[in-house]
Structure formats: structure tokens, C-alpha cells
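> Task: produce atomic coordinates for the following.
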Amino acid sequence: MTTPDLVCSFCGKEPGEVISLVNAISVNVKGRQTAGAICNECVELCVEVIGSQKPEWLERHRRFVATLGK
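Numbers count the residues shown, from 1 in each chain. Reported below is the predicted structural model:
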């Protein structure tokens, strides 16, 4: 779910500039509501960074992705 005024918290791109924008609203320990979003491009970048730092995780991630849509 996206809204027109929502942007990626990492790169600042808007919904029309990316394939997908995932947003979340949470409540912190002080009861304050916080919101954030991440676009598909930043998710891909995160996977690359984690995979380069933890190659064993990358293989596990690949197996997980292969199960999606089944």
C-alpha cells in the first residue's frame, strides 16, 4: 500500500519512480507512532551489501526467494 506523499526513507524516491514501495507504521516504546518506507531498489542494494558481508546468508536468501510464488 502506498500513498502519493510517501517516499523511500533511504533514497527519497516516490511511488511513481520505483516498482514498489513498502511502508510500515509502528509504535515505539514511548508510544509514538513512526512511519518509514523502503523501495525495491533499496531492498536490492541491501541484499547486495548483506550478501557481500555474509555470503552464507546470500545462499539462504536465494533459497527463500525461490520459494516465493509457489
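
> Please identify which helix or strand holds residue 47.
helix 40-53 (DSSP states H and E).

> just checking, what packs against the helix or strand that that helix is followed by?
Using DSSP H and E, the helix or strand that follows helix 40-53 in sequence is helix 55-67. With contacts defined as 3 or more CB pairs under 8 Å, 6 or more residues apart in numbering; DSSP states H and E, helix 55-67 has these neighbours: helix 40-53. Bear in mind the C-beta positions are built from the backbone N, C-alpha and C, glycine included.

> Report the rounded mean pLDDT for the helix it packs on.
For helix 40-53, mean pLDDT is 95.

> change the start of the numbering to 256 and stick with it
Got it, the first residue is 256 from now on, which makes the last one we talked about helix 295-308.

> Pull out the buried residues from it.
296-297 (16 or more other CB atoms under 10 Å).

> can you give me the angle that helix makes with helix 310-322?
Computed by axes from the mean of the first three to the mean of the last three CA atoms, to 10 degrees, the angle separating helix 295-308 from helix 310-322 equals 140 degrees.

> Show me what helix 295-308 is packed against.
Using 3+ CB pairs under 8 Å, 6+ apart: helix 295-308 touches helix 310-322.

> The helix it packs on: how far from the chain's middle?
Centroid separation for helix 310-322 versus its chain: 16 Å, with CA atoms, centre = their mean, to the nearest Å.

> Can you list the neighbours in contact with that helix?
302, 305-306 (CB atoms under 8 Å, 6 or more residues apart in numbering).

> 10 Å instead, please
302-303, 305-307, 309 (CB atoms under 10 Å, 6 or more residues apart in numbering).

> Rebuild those residues as JSON lines, extending it with distance to residue 271.
JSON lines is the format used below for the contacts of helix 310-322 (distance: CB to CB, whole Å):
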{"residue": "302", "distance to residue 271": "23"}
{"residue": "303", "distance to residue 271": "24"}
{"residue": "305", "distance to residue 271": "28"}
{"residue": "306", "distance to residue 271": "29"}
{"residue": "307", "distance to residue 271": "30"}
{"residue": "309", "distance to residue 271": "33"}
